[in-house]
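Chemist: pasting the sequence and the predicted coordinates here, then a few questions.
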Amino acid sequence: MSTDNKTNSDIFSLLSHFHHQKIAFCSDEALGLKAIITVHDTTLGPAIGGTRILEYKTEQDAINDSLRLSKAMTYKSAITGVNLGGGNAVIIGNNSRIKTEALLRRFGQFVHELRGTYITSLDIGTTPRDMEIIKMETPHVAGLPASVGGSGDSSPFTAKSVYFGIKAGIREMFGNDSLAGRTIWVQGSGQVGEGLVSLLRKENAKVYVSDIVVDRMVYVANRYGAEVIKANNIYNMDVDVYAPCALGGTLNDDTIPKLKCKIIAGSANNQLKDEDKNGKMLLDRGILYAPDYLINAGGLISCYSELAGYSTSRTLELAENIYEATRSVIRKSKEEQISAHQAANKIAEDRINSIKSINNHRRR
Ligand code: NAD
């Protein structure tokens, strides 16, 4: 999964570079709506992906972002085992200035024109309430508030999938997946971080939390019996697991040589600053890496359950599948001496290609 930026303004060459199926430009001048919807791959099912409302330096940046994010969703859906493809939408502009009911509903009409090949959901700048508004114009929406039958806050499911990713890593490293006495640093004590700390402490792991918001970190530590870490540069902490749950890019040329952890497994998106180079550095150092896009898939799973009408217990069962999926990735990485990120990509591609081969035989 390449995430490089393309500056070529030839749209068709961009589409073929990222292997996309479709890109739709949606405009309503009167409302100030400028949106881009990208559909990367629908082999496994309709393309799901969030709607991001963001100011971009250039329109080209917005297109690149949407192409990159929708491709990432294809891989995430494929490896998670759900029957969904990858898509994304970007609405260009300042969230607090442009977002109105009319703009969101007009956007919903454009989503509807894609006739279910794209299902929209939450991303930066959009809320469950916004999804409710978009739903006034199209049924192809997920991430609605729980009060109207949606999946609501996805972070508890994300925390759960990360927890299973951690247990899988521990199993592969130590031969059993008991967390008792294992030392785990959770970086970021936000919504996912707090849920994760709670799950880890229930199994008597020794948990350290860090956050740039000191009050938040102290609150979470006190509530669940974890320890706070106040130092800034703590990448050389001698722990079993480092769980990045704050921001992306923390696995880079500077931090990786310092790491003393044995396993990395957390929720933050795009943890590897350079997927190929930094992924290989982790492999060479013998540090097990549970790919972020696999183990943070709890949110995607909860949207999938919302669309399928599954119960919470079924959603949790699906989240538990992350355990075996993570073990398979780690084993493939070891066997083929490729980075865990590459191993995950290969497993995702194999699933898409195998289903592509049977799709031609399906009766329409
Ligand atoms: P959040 O905003 O609730 O929490 C993030 C926390 O990280 C905040 O408390 C923030 O103060 C802290 N933080 C920021 N920079 C930090 C730093 N340098 N060191 C330590 N702490 C720092 O976000 P969240 O919903 O808990 O998500 C956490 C991460 O997981 C994000 O990267 C998000 O993109 C990713 N993620 C979340 C979900 C979900 O369902 N919420 C799903 C997939 C991925």
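Modeler: Received it, and whenever you're ready, just let me know what you need.
Chemist: list phi and psi for A340.
Modeler: phi -60, psi -30 (degrees, to the nearest 10).
Chemist: M173 reaches I264, doesn't it?
Modeler: No. Distance between M173 and I264: 11.2 Å, which falls outside the contact criterion (Cβ atoms under 8 Å). (C-beta placed from N, C-alpha, C; glycine too.)
Chemist: shared neighbours, those two?
Modeler: Listed as contacting both M173 and I264 by Cβ atoms under 8 Å, 6 or more residues apart in numbering are L288.
Chemist: more neighbours, the two?
Modeler: Neighbours per residue, other Cβ atoms under 10 Å: of M173 and I264, the larger number sits with I264, 26 against 17.
Chemist: show me what contacts that one?
Modeler: Neighbouring residues of I264 by Cβ under 8 Å, 6+ apart: 169, 241-244, 251, 271, 282, 287-290.
Chemist: and if we set it to 6 Å?
Modeler: Contacts for I264 (Cβ atoms under 6 Å, 6 or more residues apart in numbering) come out as 242, 289.
Chemist: give me the distance between it and the ligand.
Modeler: Here I264 is placed at a distance of 14 Å from the ligand (Cβ to the nearest ligand atom, to the nearest Å).
Chemist: who's that residue bridged to?
Modeler: When bridges are called by DSSP bridges, I264 pairs up with Y242, Y289.
Chemist: before we move on, what SS does L316 have?
Modeler: Following DSSP: H, G, I helix; E, B strand; the rest coil, the label given to L316 is helix.
Chemist: the helix or strand containing I184 and the ligand in contact?
Modeler: If you go by DSSP states H and E, I184 is part of strand 183-187. Yes. Counting by Cβ under 6 Å from any ligand atom, the ligand has neighbours in strand 183-187: Q187.
Chemist: and after that strand, which helix or strand comes next?
Modeler: Scanning forward in sequence from strand 183-187 by DSSP H and E, the next helix or strand is helix 191-202.
Chemist: could you find the closest non-adjacent residue to the spatially most central residue of the chain?
Modeler: Nearest residue to the geometric centre of the chain (Cα atoms, centre = their mean): Y293, 4.7 Å. Among residues not flanking Y293 along the chain, K76 sits closest, at 4.8 Å (Cβ to Cβ, 6 or more residues apart in numbering).
Chemist: the one you found contacts I295, correct?
Modeler: No. Using Cβ atoms under 6 Å as the test, K76 is too far from I295 to be in contact (10.5 Å).
Chemist: out of those two, which sits in the busier spot?
Modeler: Using other Cβ under 10 Å, the more surrounded residue of K76 and I295 is I295, with 29 against 26.
Chemist: nearest residue to that one in space, ignoring adjacent ones along the chain?
Modeler: Spatial nearest neighbour of I295, excluding adjacent residues (Cβ to Cβ, 6+ apart): G165 at 2.9 Å.
Chemist: any stretches of the chain with poor pLDDT?
Modeler: 1-9, 232-233, 363-364 (pLDDT under 70).
Chemist: rerun at 80
Modeler: 1-19, 231-233, 360, 362-364 (pLDDT under 80).
Chemist: flag every residue of this structure that's near the ligand.
Modeler: Contacts of the chain with the ligand, taken as Cβ under 6 Å from any ligand atom, map to 154-155, 158, 187-193, 210-213, 216, 245-247, 267-269, 296, 299.
Chemist: in ChimeraX, how would I select the buried members of the residues you listed?
Modeler: To isolate the buried subset of the residues of the chain next to the ligand in ChimeraX, counting by 16 or more other Cβ atoms under 10 Å, use the following:
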select :154,155,158,187,188,189,191,192,193,210,211,216,245,246,267,268,296,299
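Chemist: now S121, what's its secondary structure?
Modeler: Looking at S121 with three-state DSSP, the answer is strand.
Chemist: my read: it touches A142, true?
Modeler: Yes. Taking Cβ under 6 Å as the definition, S121 is a contact partner of A142 at 4.6 Å.
Chemist: strands of the stretch 51-200 of the chain, start to end?
Modeler: 85-92, 118-122, 183-187 (DSSP state E, counting those that start in this stretch).
Chemist: check the stretch 201-350 of the chain too.
Modeler: All strands of the stretch 201-350 of the chain, identified by DSSP E, counting those that start in this stretch, fall at 206-210, 227-228, 241-244, 263-264, 288-289.
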